[in-house]
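Asker: Quick one: sequence plus predicted model below, questions after.
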Amino acid sequence: MKTLNKEMAAARQHPLRLMQFGEGNFLRAFVDYMIDISNEKGVTDIGIAVVKPIPFGSLERFRHQDNLYTVILRGQMDGKVVNDARIITSVQKTIDAYESYGELVETACLESLQIVVSNTTEAGIVFDPEDRFACEPPSTYPGKLTKLLFERFRKFEGAADKGLVIIPCELIEHNGDRLHDCVNQYSSLWGLGEAFQKWVEESCTFCCTLVDRIVTGYPRDNLEETTAQLGYIDELVDTAEPFGLWVIESKRDISGLLPLEKAGLPVIFTDDQTPYRERKVRILNGAHTSTVLAGYLAGFEIVGEIMKDPDLRAFMNQVVLEEIVPGVKLPRDEVLAFANSVFERFENPFIKHRLLDISLNSVSKWKSRILPSLRDFYHTSGRLPRLLTFSFAALMAFYTSDRLENGVLQGSRNGQPYEIKDDAAALAFFAAHSTRLSSGEFVQALAAHTEFWGEDLTQYDGFVPMVAGYLDEIKDKGMKATVHALVKQGETVG
(Lines give C-alpha, C1' and ligand atoms only; values in the text may rest on other atoms or scores of the structure.)
Protein backbone atom coordinates (compact mmCIF):
# COMPACT_ATOMS: atom_id res chain seq x y z
CA MET A 1 0.00 0.00 0.00
CA LYS A 2 1.33 3.43 -0.95
CA THR A 3 2.13 6.22 1.48
CA LEU A 4 0.23 9.49 0.98
CA ASN A 5 2.06 11.84 -1.39
CA LYS A 6 1.37 14.76 -3.75
CA GLU A 7 0.56 12.43 -6.67
CA MET A 8 -2.49 11.23 -4.74
CA ALA A 9 -4.02 14.65 -4.04
CA ALA A 10 -5.12 17.52 -6.26
CA ALA A 11 -3.00 20.03 -4.37
CA ARG A 12 -2.24 23.48 -5.72
CA GLN A 13 0.05 26.17 -4.43
CA HIS A 14 -1.30 29.09 -2.43
CA PRO A 15 0.61 32.21 -1.40
CA LEU A 16 1.99 31.92 2.11
CA ARG A 17 -0.35 34.11 4.09
CA LEU A 18 -0.42 32.29 7.42
CA MET A 19 2.41 31.23 9.72
CA GLN A 20 1.42 28.57 12.25
CA PHE A 21 3.41 27.91 15.42
CA GLY A 22 2.68 24.32 16.34
CA GLU A 23 2.46 21.18 14.21
CA GLY A 24 0.32 19.22 16.64
CA ASN A 25 -2.97 17.43 16.18
CA PHE A 26 -5.28 20.25 17.24
CA LEU A 27 -4.25 22.95 14.77
CA ARG A 28 -4.02 20.45 11.94
CA ALA A 29 -7.60 19.21 12.50
CA PHE A 30 -8.98 22.67 13.26
CA VAL A 31 -7.32 25.67 11.60
CA ASP A 32 -5.64 23.88 8.70
CA TYR A 33 -8.77 21.82 8.06
CA MET A 34 -10.99 24.94 7.89
CA ILE A 35 -8.60 26.79 5.60
CA ASP A 36 -8.38 23.77 3.32
CA ILE A 37 -12.16 23.76 2.86
CA SER A 38 -12.26 27.53 2.40
CA ASN A 39 -9.49 27.37 -0.22
CA GLU A 40 -11.33 24.62 -2.09
CA LYS A 41 -14.51 26.71 -2.18
CA GLY A 42 -12.61 29.71 -3.51
CA VAL A 43 -13.37 31.85 -0.48
CA THR A 44 -9.70 32.13 0.51
CA ASP A 45 -6.31 31.66 -1.13
CA ILE A 46 -4.17 30.93 1.91
CA GLY A 47 -1.05 28.83 2.10
CA ILE A 48 0.23 27.82 5.54
CA ALA A 49 3.80 27.64 6.78
CA VAL A 50 3.87 25.32 9.79
CA VAL A 51 6.62 26.04 12.32
CA LYS A 52 7.93 23.47 14.80
CA PRO A 53 8.61 25.85 17.71
CA ILE A 54 10.38 23.46 20.09
CA PRO A 55 13.86 21.92 19.80
CA PHE A 56 12.79 18.27 20.06
CA GLY A 57 10.71 16.27 17.60
CA SER A 58 10.99 15.98 13.84
CA LEU A 59 9.24 17.18 10.69
CA GLU A 60 10.42 14.16 8.72
CA ARG A 61 6.93 12.66 8.36
CA PHE A 62 5.62 15.92 6.89
CA ARG A 63 8.43 16.02 4.32
CA HIS A 64 8.05 12.33 3.52
CA GLN A 65 4.35 12.96 2.69
CA ASP A 66 4.87 16.29 0.84
CA ASN A 67 3.24 18.14 3.78
CA LEU A 68 -0.04 16.28 3.16
CA TYR A 69 -2.07 14.48 5.76
CA THR A 70 -5.62 13.27 6.34
CA VAL A 71 -8.21 14.52 8.81
CA ILE A 72 -11.03 12.13 9.67
CA LEU A 73 -14.08 13.54 11.44
CA ARG A 74 -15.89 10.83 13.38
CA GLY A 75 -18.98 11.11 15.51
CA GLN A 76 -22.55 12.35 15.36
CA MET A 77 -23.76 15.61 13.87
CA ASP A 78 -27.41 16.65 13.64
CA GLY A 79 -28.50 13.11 14.44
CA LYS A 80 -26.38 11.50 11.72
CA VAL A 81 -23.23 9.39 12.05
CA VAL A 82 -20.22 11.09 10.47
CA ASN A 83 -17.05 9.30 9.36
CA ASP A 84 -15.52 11.53 6.70
CA ALA A 85 -11.90 11.68 5.55
CA ARG A 86 -10.26 14.65 3.84
CA ILE A 87 -6.69 15.10 2.57
CA ILE A 88 -5.42 18.48 3.77
CA THR A 89 -3.45 20.42 1.17
CA SER A 90 -3.31 23.87 2.77
CA VAL A 91 0.13 23.36 4.36
CA GLN A 92 2.71 24.60 1.85
CA LYS A 93 5.88 24.27 3.89
CA THR A 94 7.19 23.16 7.29
CA ILE A 95 10.00 24.90 9.16
CA ASP A 96 12.11 23.78 12.10
CA ALA A 97 12.66 26.96 14.11
CA TYR A 98 15.95 25.63 15.46
CA GLU A 99 17.44 23.90 12.43
CA SER A 100 16.24 26.43 9.84
CA TYR A 101 16.11 29.76 11.65
CA GLY A 102 17.11 31.71 8.54
CA GLU A 103 14.17 30.23 6.64
CA LEU A 104 11.88 31.15 9.53
CA VAL A 105 12.96 34.80 9.40
CA GLU A 106 12.66 34.84 5.61
CA THR A 107 9.10 33.50 5.81
CA ALA A 108 8.17 35.97 8.54
CA CYS A 109 9.30 38.78 6.22
CA LEU A 110 7.30 37.67 3.17
CA GLU A 111 5.14 40.43 1.76
CA SER A 112 2.27 37.96 1.39
CA LEU A 113 2.23 37.01 5.08
CA GLN A 114 -0.78 38.36 6.99
CA ILE A 115 -1.67 36.04 9.89
CA VAL A 116 0.10 34.21 12.72
CA VAL A 117 -1.72 31.36 14.49
CA SER A 118 -0.39 29.39 17.45
CA ASN A 119 -1.11 26.55 19.83
CA THR A 120 1.96 26.15 22.00
CA THR A 121 0.00 24.70 24.98
CA GLU A 122 -1.26 26.69 27.94
CA ALA A 123 2.34 27.02 29.20
CA GLY A 124 3.54 28.45 25.89
CA ILE A 125 2.43 32.04 26.40
CA VAL A 126 4.90 33.06 29.08
CA PHE A 127 7.43 35.83 29.68
CA ASP A 128 10.88 34.62 30.74
CA PRO A 129 13.29 37.45 31.59
CA GLU A 130 16.17 35.06 30.91
CA ASP A 131 15.20 34.74 27.23
CA ARG A 132 17.67 36.46 24.90
CA PHE A 133 17.21 38.42 21.66
CA ALA A 134 20.58 37.13 20.43
CA CYS A 135 19.34 33.53 20.44
CA GLU A 136 18.33 32.08 17.07
CA PRO A 137 15.59 31.54 17.99
CA PRO A 138 14.69 32.84 21.45
CA SER A 139 13.47 30.04 23.70
CA THR A 140 9.86 31.11 24.42
CA TYR A 141 7.10 31.44 21.84
CA PRO A 142 6.44 35.13 22.73
CA GLY A 143 10.18 35.73 22.44
CA LYS A 144 10.27 34.12 19.00
CA LEU A 145 7.26 36.14 17.90
CA THR A 146 8.72 39.41 19.18
CA LYS A 147 11.99 38.88 17.33
CA LEU A 148 10.22 37.89 14.10
CA LEU A 149 7.95 40.94 14.32
CA PHE A 150 11.06 43.09 14.80
CA GLU A 151 12.71 41.53 11.72
CA ARG A 152 9.56 42.26 9.73
CA PHE A 153 9.42 45.81 11.08
CA ARG A 154 12.99 46.39 9.90
CA LYS A 155 12.46 44.70 6.53
CA PHE A 156 9.52 46.95 5.63
CA GLU A 157 10.90 50.01 7.45
CA GLY A 158 7.93 50.21 9.78
CA ALA A 159 5.30 50.31 7.01
CA ALA A 160 1.87 50.54 8.63
CA ASP A 161 0.30 48.05 6.21
CA LYS A 162 2.83 45.30 6.95
CA GLY A 163 1.64 44.50 10.45
CA LEU A 164 0.27 41.03 11.19
CA VAL A 165 -2.94 39.65 12.68
CA ILE A 166 -1.97 37.36 15.54
CA ILE A 167 -4.47 34.67 16.57
CA PRO A 168 -3.39 32.46 19.47
CA CYS A 169 -5.43 29.30 20.09
CA GLU A 170 -3.91 28.34 23.44
CA LEU A 171 -6.59 27.37 25.96
CA ILE A 172 -6.21 30.29 28.34
CA GLU A 173 -8.53 33.22 28.90
CA HIS A 174 -7.64 36.45 27.11
CA ASN A 175 -4.89 34.59 25.23
CA GLY A 176 -4.35 37.42 22.75
CA ASP A 177 -4.01 40.02 25.50
CA ARG A 178 -1.58 37.79 27.38
CA LEU A 179 0.54 37.29 24.26
CA HIS A 180 0.47 41.03 23.48
CA ASP A 181 1.66 41.78 27.01
CA CYS A 182 4.56 39.33 26.61
CA VAL A 183 5.62 40.91 23.32
CA ASN A 184 5.60 44.35 24.94
CA GLN A 185 7.67 43.02 27.84
CA TYR A 186 10.27 41.53 25.50
CA SER A 187 10.36 44.71 23.43
CA SER A 188 11.18 46.69 26.57
CA LEU A 189 13.61 44.08 27.93
CA TRP A 190 15.51 43.93 24.66
CA GLY A 191 15.43 47.69 24.00
CA LEU A 192 13.81 47.39 20.58
CA GLY A 193 12.75 51.03 20.59
CA GLU A 194 9.63 53.16 20.73
CA ALA A 195 9.09 53.08 16.96
CA PHE A 196 8.82 49.29 17.00
CA GLN A 197 6.53 49.32 20.03
CA LYS A 198 4.29 51.84 18.31
CA TRP A 199 4.21 49.71 15.14
CA VAL A 200 3.22 46.63 17.17
CA GLU A 201 0.50 48.63 18.90
CA GLU A 202 -0.94 50.33 15.83
CA SER A 203 -0.21 47.98 12.91
CA CYS A 204 -0.54 44.53 14.50
CA THR A 205 -3.78 43.06 15.82
CA PHE A 206 -3.76 40.59 18.72
CA CYS A 207 -6.96 38.54 18.88
CA CYS A 208 -8.46 36.65 21.80
CA THR A 209 -10.02 33.34 20.85
CA LEU A 210 -12.22 30.53 22.01
CA VAL A 211 -11.63 27.20 20.26
CA ASP A 212 -13.78 24.12 20.65
CA ARG A 213 -13.21 20.74 19.04
CA ILE A 214 -12.22 17.42 20.57
CA VAL A 215 -9.24 16.17 18.58
CA THR A 216 -8.28 12.57 19.31
CA GLY A 217 -5.24 12.54 17.02
CA TYR A 218 -3.49 9.51 15.60
CA PRO A 219 -5.85 6.50 15.72
CA ARG A 220 -3.53 3.96 17.33
CA ASP A 221 -6.40 1.87 18.68
CA ASN A 222 -7.88 1.17 15.25
CA LEU A 223 -5.05 1.92 12.85
CA GLU A 224 -5.64 -1.08 10.57
CA GLU A 225 -9.31 -0.19 10.18
CA THR A 226 -8.43 3.45 9.49
CA THR A 227 -5.77 2.56 6.90
CA ALA A 228 -8.23 0.24 5.16
CA GLN A 229 -10.79 3.06 5.10
CA LEU A 230 -8.27 5.44 3.49
CA GLY A 231 -6.68 2.98 1.06
CA TYR A 232 -3.20 4.41 1.73
CA ILE A 233 -0.72 4.78 4.55
CA ASP A 234 -0.76 8.11 6.37
CA GLU A 235 1.68 8.52 9.26
CA LEU A 236 0.11 11.89 10.10
CA VAL A 237 -3.57 10.94 10.00
CA ASP A 238 -5.51 13.03 12.51
CA THR A 239 -8.95 12.19 13.93
CA ALA A 240 -11.45 14.56 15.54
CA GLU A 241 -15.12 15.04 16.29
CA PRO A 242 -17.34 16.79 13.69
CA PHE A 243 -18.28 19.66 16.00
CA GLY A 244 -16.13 22.75 15.79
CA LEU A 245 -16.35 26.37 16.91
CA TRP A 246 -13.84 29.20 16.54
CA VAL A 247 -14.75 32.51 18.17
CA ILE A 248 -12.31 35.31 17.33
CA GLU A 249 -12.40 38.57 19.27
CA SER A 250 -10.51 41.57 17.95
CA LYS A 251 -10.48 45.33 18.34
CA ARG A 252 -10.72 45.83 14.59
CA ASP A 253 -12.69 43.89 12.00
CA ILE A 254 -10.51 41.13 10.52
CA SER A 255 -13.33 39.05 9.03
CA GLY A 256 -12.37 40.12 5.52
CA LEU A 257 -8.88 38.74 6.01
CA LEU A 258 -10.07 35.32 7.13
CA PRO A 259 -13.66 35.00 5.81
CA LEU A 260 -14.08 31.35 6.76
CA GLU A 261 -17.72 31.81 7.71
CA LYS A 262 -18.47 32.49 4.02
CA ALA A 263 -17.41 28.91 3.34
CA GLY A 264 -20.00 27.69 5.85
CA LEU A 265 -17.42 27.10 8.57
CA PRO A 266 -18.18 27.57 12.30
CA VAL A 267 -16.26 30.81 12.84
CA ILE A 268 -17.66 33.80 14.72
CA PHE A 269 -16.00 37.24 14.65
CA THR A 270 -16.92 39.46 17.59
CA ASP A 271 -15.69 42.33 19.71
CA ASP A 272 -16.57 40.38 22.87
CA GLN A 273 -16.22 36.61 23.16
CA THR A 274 -17.33 36.57 26.82
CA PRO A 275 -20.87 35.20 26.22
CA TYR A 276 -19.53 32.40 24.01
CA ARG A 277 -16.83 31.46 26.52
CA GLU A 278 -19.40 31.53 29.30
CA ARG A 279 -21.72 29.31 27.25
CA LYS A 280 -18.97 26.73 26.68
CA VAL A 281 -17.64 26.77 30.24
CA ARG A 282 -21.05 26.62 31.88
CA ILE A 283 -22.71 24.10 29.57
CA LEU A 284 -20.04 21.80 28.14
CA ASN A 285 -17.55 21.96 30.98
CA GLY A 286 -20.31 22.38 33.55
CA ALA A 287 -22.08 19.26 32.29
CA HIS A 288 -18.86 17.31 32.78
CA THR A 289 -18.02 18.67 36.22
CA SER A 290 -21.54 18.34 37.60
CA THR A 291 -21.89 14.73 36.43
CA VAL A 292 -18.63 12.80 36.05
CA LEU A 293 -17.72 12.43 39.74
CA ALA A 294 -21.13 11.01 40.51
CA GLY A 295 -20.86 8.89 37.37
CA TYR A 296 -17.54 7.42 38.42
CA LEU A 297 -18.76 6.59 41.92
CA ALA A 298 -21.85 5.02 40.33
CA GLY A 299 -19.55 2.55 38.57
CA PHE A 300 -18.88 4.05 35.15
CA GLU A 301 -15.54 4.65 33.41
CA ILE A 302 -16.16 6.85 30.36
CA VAL A 303 -18.55 9.61 29.35
CA GLY A 304 -20.25 7.42 26.74
CA GLU A 305 -21.37 5.01 29.47
CA ILE A 306 -22.98 7.85 31.43
CA MET A 307 -24.91 8.88 28.33
CA LYS A 308 -26.33 5.36 28.02
CA ASP A 309 -27.42 5.09 31.64
CA PRO A 310 -31.03 6.31 32.08
CA ASP A 311 -30.45 7.94 35.48
CA LEU A 312 -27.13 9.67 34.79
CA ARG A 313 -28.32 10.84 31.38
CA ALA A 314 -31.52 12.23 32.93
CA PHE A 315 -29.43 13.88 35.65
CA MET A 316 -27.28 15.59 33.02
CA ASN A 317 -30.33 16.71 31.03
CA GLN A 318 -31.98 18.19 34.11
CA VAL A 319 -28.90 19.95 35.48
CA VAL A 320 -28.03 21.51 32.12
CA LEU A 321 -31.47 22.44 30.83
CA GLU A 322 -33.11 23.44 34.12
CA GLU A 323 -30.26 24.88 36.19
CA ILE A 324 -27.46 25.98 33.84
CA VAL A 325 -29.07 27.13 30.58
CA PRO A 326 -31.27 29.82 32.22
CA GLY A 327 -28.18 31.69 33.42
CA VAL A 328 -26.35 31.88 30.07
CA LYS A 329 -26.62 35.39 28.60
CA LEU A 330 -27.33 34.56 24.96
CA PRO A 331 -30.63 34.00 23.08
CA ARG A 332 -32.34 30.97 24.59
CA ASP A 333 -32.82 29.10 21.31
CA GLU A 334 -29.12 29.51 20.57
CA VAL A 335 -28.16 28.26 24.04
CA LEU A 336 -30.49 25.26 23.78
CA ALA A 337 -29.07 24.36 20.38
CA PHE A 338 -25.57 24.42 21.88
CA ALA A 339 -26.69 22.29 24.84
CA ASN A 340 -28.18 19.69 22.50
CA SER A 341 -24.96 19.65 20.46
CA VAL A 342 -23.04 18.99 23.68
CA PHE A 343 -25.22 15.97 24.48
CA GLU A 344 -24.64 14.67 20.97
CA ARG A 345 -20.89 15.15 21.33
CA PHE A 346 -20.82 13.26 24.61
CA GLU A 347 -22.58 10.35 22.87
CA ASN A 348 -19.83 10.12 20.23
CA PRO A 349 -19.00 6.38 20.02
CA PHE A 350 -15.55 7.12 18.58
CA ILE A 351 -14.35 9.04 21.66
CA LYS A 352 -13.46 7.24 24.89
CA HIS A 353 -13.28 10.11 27.39
CA ARG A 354 -12.26 8.68 30.77
CA LEU A 355 -14.05 10.07 33.81
CA LEU A 356 -10.88 9.97 35.90
CA ASP A 357 -9.13 12.15 33.32
CA ILE A 358 -11.92 14.71 33.56
CA SER A 359 -11.77 14.56 37.39
CA LEU A 360 -8.34 16.22 37.47
CA ASN A 361 -8.38 19.44 39.56
CA SER A 362 -12.11 19.19 40.25
CA VAL A 363 -12.00 21.72 43.11
CA SER A 364 -10.94 24.61 40.87
CA LYS A 365 -13.18 23.28 38.10
CA TRP A 366 -16.22 23.35 40.41
CA LYS A 367 -15.44 26.97 41.27
CA SER A 368 -15.08 28.13 37.64
CA ARG A 369 -17.66 25.88 35.95
CA ILE A 370 -20.44 25.28 38.50
CA LEU A 371 -20.40 28.07 41.07
CA PRO A 372 -21.34 30.87 38.61
CA SER A 373 -24.46 28.93 37.54
CA LEU A 374 -25.37 28.10 41.14
CA ARG A 375 -24.92 31.74 42.11
CA ASP A 376 -27.12 33.01 39.25
CA PHE A 377 -29.84 30.45 39.92
CA TYR A 378 -29.89 31.30 43.63
CA HIS A 379 -30.09 35.06 43.12
CA THR A 380 -32.69 34.77 40.36
CA SER A 381 -35.01 32.24 42.00
CA GLY A 382 -34.28 32.75 45.69
CA ARG A 383 -33.53 29.05 46.20
CA LEU A 384 -30.67 26.63 45.69
CA PRO A 385 -30.54 24.51 42.52
CA ARG A 386 -30.95 20.88 43.61
CA LEU A 387 -28.56 19.22 41.20
CA LEU A 388 -25.78 21.79 41.13
CA THR A 389 -25.83 21.69 44.92
CA PHE A 390 -25.75 17.88 44.76
CA SER A 391 -22.63 18.07 42.56
CA PHE A 392 -20.81 19.63 45.54
CA ALA A 393 -21.75 16.59 47.63
CA ALA A 394 -20.59 14.30 44.80
CA LEU A 395 -17.24 16.12 44.76
CA MET A 396 -16.93 15.63 48.52
CA ALA A 397 -17.76 11.94 48.24
CA PHE A 398 -15.26 11.45 45.41
CA TYR A 399 -12.50 13.26 47.38
CA THR A 400 -13.17 11.42 50.65
CA SER A 401 -9.91 9.82 51.77
CA ASP A 402 -7.20 10.28 54.35
CA ARG A 403 -4.54 8.47 52.29
CA LEU A 404 -2.28 11.13 50.79
CA GLU A 405 0.70 9.41 49.15
CA ASN A 406 3.31 10.97 46.89
CA GLY A 407 1.15 13.99 46.19
CA VAL A 408 -1.91 11.93 45.23
CA LEU A 409 -4.99 11.19 47.34
CA GLN A 410 -6.02 7.54 47.16
CA GLY A 411 -9.77 7.11 46.88
CA SER A 412 -11.76 3.89 47.01
CA ARG A 413 -14.73 2.74 44.90
CA ASN A 414 -16.25 -0.53 46.02
CA GLY A 415 -12.91 -1.55 47.52
CA GLN A 416 -10.95 -0.65 44.39
CA PRO A 417 -8.45 2.24 44.59
CA TYR A 418 -8.45 5.27 42.31
CA GLU A 419 -6.23 8.35 42.22
CA ILE A 420 -7.50 11.83 43.09
CA LYS A 421 -5.29 14.53 41.57
CA ASP A 422 -5.53 18.19 42.50
CA ASP A 423 -3.30 20.93 43.87
CA ALA A 424 -1.53 20.26 47.16
CA ALA A 425 -3.74 22.54 49.30
CA ALA A 426 -6.96 20.85 48.15
CA LEU A 427 -5.64 17.33 48.69
CA ALA A 428 -4.26 18.24 52.12
CA PHE A 429 -7.64 19.63 53.17
CA PHE A 430 -9.56 16.50 52.21
CA ALA A 431 -6.95 14.19 53.74
CA ALA A 432 -7.24 16.10 57.03
CA HIS A 433 -11.04 16.54 57.18
CA SER A 434 -12.98 14.10 54.99
CA THR A 435 -12.90 11.03 57.26
CA ARG A 436 -12.69 12.67 60.70
CA LEU A 437 -15.75 14.93 60.75
CA SER A 438 -19.50 14.40 60.60
CA SER A 439 -21.11 15.23 57.28
CA GLY A 440 -22.37 18.58 58.54
CA GLU A 441 -19.00 19.55 60.01
CA PHE A 442 -17.22 18.44 56.84
CA VAL A 443 -19.52 20.50 54.61
CA GLN A 444 -19.27 23.52 56.92
CA ALA A 445 -15.46 23.44 56.83
CA LEU A 446 -15.23 23.01 53.06
CA ALA A 447 -17.97 25.49 52.14
CA ALA A 448 -16.39 28.17 54.34
CA HIS A 449 -12.95 27.69 52.74
CA THR A 450 -12.86 30.97 50.81
CA GLU A 451 -9.42 30.27 49.31
CA PHE A 452 -10.99 27.44 47.31
CA TRP A 453 -14.17 29.20 46.20
CA GLY A 454 -13.43 32.91 46.31
CA GLU A 455 -16.41 33.35 48.63
CA ASP A 456 -18.05 31.76 51.67
CA LEU A 457 -20.57 29.20 50.38
CA THR A 458 -22.20 28.93 53.80
CA GLN A 459 -23.80 32.30 53.03
CA TYR A 460 -26.18 30.59 50.59
CA ASP A 461 -29.17 29.89 52.81
CA GLY A 462 -29.62 26.14 53.30
CA PHE A 463 -26.46 25.13 51.41
CA VAL A 464 -24.71 23.34 54.28
CA PRO A 465 -27.68 21.20 55.43
CA MET A 466 -28.68 20.38 51.84
CA VAL A 467 -25.18 19.19 50.91
CA ALA A 468 -24.82 17.30 54.19
CA GLY A 469 -28.12 15.54 53.55
CA TYR A 470 -26.98 14.51 50.07
CA LEU A 471 -23.63 13.32 51.43
CA ASP A 472 -25.33 11.15 54.07
CA GLU A 473 -27.62 9.71 51.40
CA ILE A 474 -24.65 8.82 49.21
CA LYS A 475 -23.01 7.07 52.19
CA ASP A 476 -26.17 5.18 53.14
CA LYS A 477 -27.65 4.23 49.75
CA GLY A 478 -24.73 4.49 47.34
CA MET A 479 -24.30 6.93 44.49
CA LYS A 480 -26.42 5.16 41.89
CA ALA A 481 -29.49 4.91 44.11
CA THR A 482 -29.09 8.51 45.23
CA VAL A 483 -28.93 9.78 41.66
CA HIS A 484 -31.96 7.66 40.75
CA ALA A 485 -33.97 9.25 43.56
CA LEU A 486 -32.86 12.77 42.56
CA VAL A 487 -33.86 12.22 38.95
CA LYS A 488 -37.29 10.86 39.92
CA GLN A 489 -37.81 13.82 42.22
CA GLY A 490 -36.98 16.13 39.33
CA GLU A 491 -39.44 14.38 37.06
CA THR A 492 -42.16 14.77 39.70
CA VAL A 493 -41.40 18.45 40.12
CA GLY A 494 -41.34 18.91 36.37
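Answerer: Arrived safely.
Asker: OK, contacts around residue 41?
Answerer: Applying Cβ atoms under 8 Å, 6 or more residues apart in numbering, we find residue 41 in contact with 263, 264. (C-beta placed from N, C-alpha, C; glycine too.)
Asker: Also residue 290?
Answerer: 316, 319, 324, 369, 370, 387, 388, 391.
Asker: how far away is it from residue 372?
Answerer: Distance, residue 290 to residue 372, by Cβ to Cβ, to the nearest Å: 12 Å.
Asker: Residue 434 touches residue 396, doesn't it?
Answerer: Yes: here residue 434 reaches residue 396: they are 7.1 Å apart, a contact under Cβ atoms under 8 Å.
Asker: Comparing those two, which shows the higher neighbour count?
Answerer: Between residue 434 and residue 396, residue 396 has the larger neighbour count (other Cβ atoms under 10 Å), namely 23 against 19.
Asker: Surely residue 328 touches residue 283?
Answerer: Yes: using Cβ under 8 Å, residue 328 makes contact with residue 283 at a distance of 6.8 Å.
Asker: any common contacting residues for those two?
Answerer: residue 335.
Asker: Please confirm that residue 102 is located within a helix.
Answerer: Yes: counting by DSSP: H, G, I helix; E, B strand; the rest coil, residue 102 is found in a helix.
Asker: burial of it, as a residue count?
Answerer: 9.
Asker: could you measure it against residue 60, distance?
Answerer: 20 Å.
Asker: per-residue confidence at the most centrally placed residue in the chain?
Answerer: For the chain, the residue nearest the mean C-alpha position is residue 171 (5.2 Å; Cα atoms, centre = their mean). Here, the pLDDT recorded for residue 171 equals 85.
Asker: Please, which helix or strand holds the nearest residue to it once chain neighbours are set aside?
Answerer: Nearest non-adjacent residue to residue 171, counting by Cβ to Cβ, 6 or more residues apart in numbering: residue 122, 5.6 Å away. Using DSSP states H and E, residue 122 maps to neither a helix nor a strand.
Asker: residues touching residue 122, list them.
Answerer: 170, 171, 172.
Asker: cool, residue 286 as well?
Answerer: Neighbours of residue 286 in contact, by Cβ under 8 Å, 6+ apart: 319, 320, 324, 369, 370, 373.
Asker: The last one and residue 435, how far apart?
Answerer: As judged by Cβ to Cβ, residue 373 and residue 435 stand 30 Å apart.
Asker: Tell me which of those two has more neighbours.
Answerer: residue 373 (25 against 12).
Asker: Now do the same for the more buried one: helix, strand or coil?
Answerer: helix.
Asker: which neighbours do residue 434 and residue 396 share?
Answerer: In contact with both residue 434 and residue 396: residue 442, using Cβ under 8 Å, 6+ apart.
Asker: Name the SS class of the closest residue in space to residue 139 that isn't next to it in sequence, please.
Answerer: Nearest residue to residue 139, sequence neighbours excluded (Cβ to Cβ, 6+ apart): residue 131, at 5.3 Å. For residue 131, the secondary-structure state derived from three-state DSSP is coil.
Asker: Residue 131 and residue 140 touch, don't they?
Answerer: Yes: Residue 131 lies in contact with residue 140 (Cβ under 8 Å); the separation is 5.2 Å.
Asker: ok, back up a step: please narrow the contacts of residue 122 to those residing in strands.
Answerer: With strands taken from DSSP state E, there is no overlap with these.
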